[in-house]
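Visitor: Based on what follows, work out the 3D shape:
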Amino acid sequence: MAEPDVAEPDVIKPDLADADPAEPDVAELACWRLECAYDGTPFSGWAKQPGRRTIEGELEKALAQVLSEPVRLGVAGRTDAGVHALGQVVSFSTAARGLEAQSLRLSLNALLPAEIAVTGLVAAAAGFDARAAVARTYRYRVWLPDTRPVFERHYVWNVRGAVDLSLLAEAAALLPGRRDFAALTPSASGYRTCEREVVRAQWRLAADGREARFEITAGSFLHNMVRVAVGSMVDVAQGRRSMAELAAGLAGGQRRELGLTAPASGLALLRVDY
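Guide: From the prediction side, this is the model:
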């Protein structure tokens with residue numbers, strides 16, 4: 001039996017009739033700010049990698065098809081494999097003219113996989129770069145019941161054993177401020193400096209009592225910084241590490257002095273501020 005016909009997505013192409021065939025000058029390129037959400041479960045992170053499925057790769061492919069030209073993306077946060085986003089911000093420039101934001105957004109969503117959605121798209125000021133954010137906020141979700149999650153399993157850390165919420169709150173209070181956070185990354189040697197400023201760090205109990213949710217805001221983050229912080233705080237809240245040991249580990253600057261790295265599944269980029 002022949003396979004049924006499958007309709008192509010309704011993609012709205014820009015009017016390129018007046019485009020100059022020569023390479024456009026940078027000053028002639030239009031800048032765009034794109035906001036997106038994604039379920040990071042099936043992807044190898046944000047950044048393109050040969051032979052792997054990534055968020056950046058999927059977005060670039062969809063944009064190239066709609067704009068009829070390759071694009072390069074800037075991004076506010078290069079999330080790791082399995083990490084999610086609710087408010088990721090992306091920048092790109094294009095020589096295409098006559099673009100209408102709503103039509104472009106709908107066209108992209110028609111081409112993108114179900115795990116990625118463009119939630120906002122606006123023309124930006126010349127030179128806008130998503131990397132120039134002043135603050136990024138991440139959320140980490142810890143599952144508290146002794147019954148394992150089914151529908152939430154890709155979006156929480158299913159911690160086994162009791163968690164002392166008061167100790168979590170006390171541990172989070174150690175994080176705000178500007179200091180060297182080298183102890184919270186396995187990649188300290190790759191940075192010119194590991195000094196960062198954490199503006200806010202706070203645990204809250206979800207309304208239904210099933211999750212402890214950690215939110216942290218900083219100008220920028222080190223690789224695995226939030227996940228190492230969460231793993232170390234949970235160690236304290238479950239009695240495997242004292243508060244004094246956590247404080248000393250943070251001050252010591254050595255990754256080995258802190259706890260485990262929490263799973264990627266519980267982490268999401270929540271918001272980016274400019």
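
Visitor: tally of neighbours for P70?
Guide: 10 (other C-beta atoms under 10 Å). Using the backbone N, CA and C atoms, a C-beta is placed for each residue, glycine as well.

Visitor: For the stretch 51-200 of the chain, which segments count as strands?
Guide: 74-75, 84-94, 116-123, 135-143, 157-158, 177-180, 195-205 (DSSP state E, counting those that start in this stretch).

Visitor: if we compare the ones you listed, which one ends up closest to V234?
Guide: strand 135-143 (6.8 Å; C-beta to C-beta).

Visitor: For the closest one, buried residues please.
Guide: A135, R136, T137, Y138, R139, Y140, R141, V142, W143 (16 or more other C-beta atoms under 10 Å).

Visitor: domain assignment for the protein?
Guide: Taking automatic domain parsing as the reference, the chain has its domains at 26-132, 135-273.

Visitor: As a markdown table, the ones you listed with mean pLDDT would be great.
Guide: Supplementary listing: the domains of the chain in a markdown table, determined by pLDDT from 0 to 100:
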| stretch | mean pLDDT |
| --- | --- |
| domain 26-132 | 96 |
| domain 135-273 | 97 |
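
Visitor: one step back: quick check: the two most widely separated of the buried residues of strand 135-143?
Guide: Those two in these that are separated most widely, counting by C-beta to C-beta, are A135 and W143, at 27.3 Å.

Visitor: and A132, how many neighbours?
Guide: With other C-beta under 10 Å as criterion, A132 counts 11.

Visitor: can you check R78 too?
Guide: 16.

Visitor: if I pick the residue nearest to it when sequence neighbours are not counted, what's in contact with it?
Guide: With C-beta to C-beta, 6 or more residues apart in numbering as the criterion, R78 has its nearest non-adjacent residue at 4.7 Å, and that residue is W46. For W46, the contacting residues are T54, I55, E56, V75, G77, R78, T79, D80, by C-beta atoms under 8 Å, 6 or more residues apart in numbering.

Visitor: I'd like the residues you listed laid out as JSON lines, including distance to L174.
Guide: Formatted as JSON lines, the contacts of W46 follow (distance: C-beta to C-beta, whole Å):
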{"residue": "T54", "distance to L174": "34"}
{"residue": "I55", "distance to L174": "32"}
{"residue": "E56", "distance to L174": "34"}
{"residue": "V75", "distance to L174": "29"}
{"residue": "G77", "distance to L174": "23"}
{"residue": "R78", "distance to L174": "26"}
{"residue": "T79", "distance to L174": "25"}
{"residue": "D80", "distance to L174": "24"}
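
Visitor: just to revisit the earlier point, can I get the strands of the stretch 51-200 of the chain in TSV with distance to I216?
Guide: What follows is the strands of the stretch 51-200 of the chain, written out as TSV (distance: least, C-beta to C-beta, whole Å):
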stretch	distance to I216
strand 74-75	19
strand 84-94	14
strand 116-123	22
strand 135-143	6
strand 157-158	15
strand 177-180	12
strand 195-205	5
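
Visitor: Just list whatever residues bridge to the closest residue to R179 other than its chain neighbours.
Guide: Using C-beta to C-beta, 6+ apart and skipping residues adjacent in sequence, the residue nearest R179 is E195, 6.7 Å away. Listed beta-bridge partners, E195: D180 (assigned using DSSP bridges).

Visitor: wait, which of the strands of the stretch 51-200 of the chain is closest to S68?
Guide: Of the strands of the stretch 51-200 of the chain, nearest to S68 by C-beta to C-beta is strand 84-94, at 9.6 Å.
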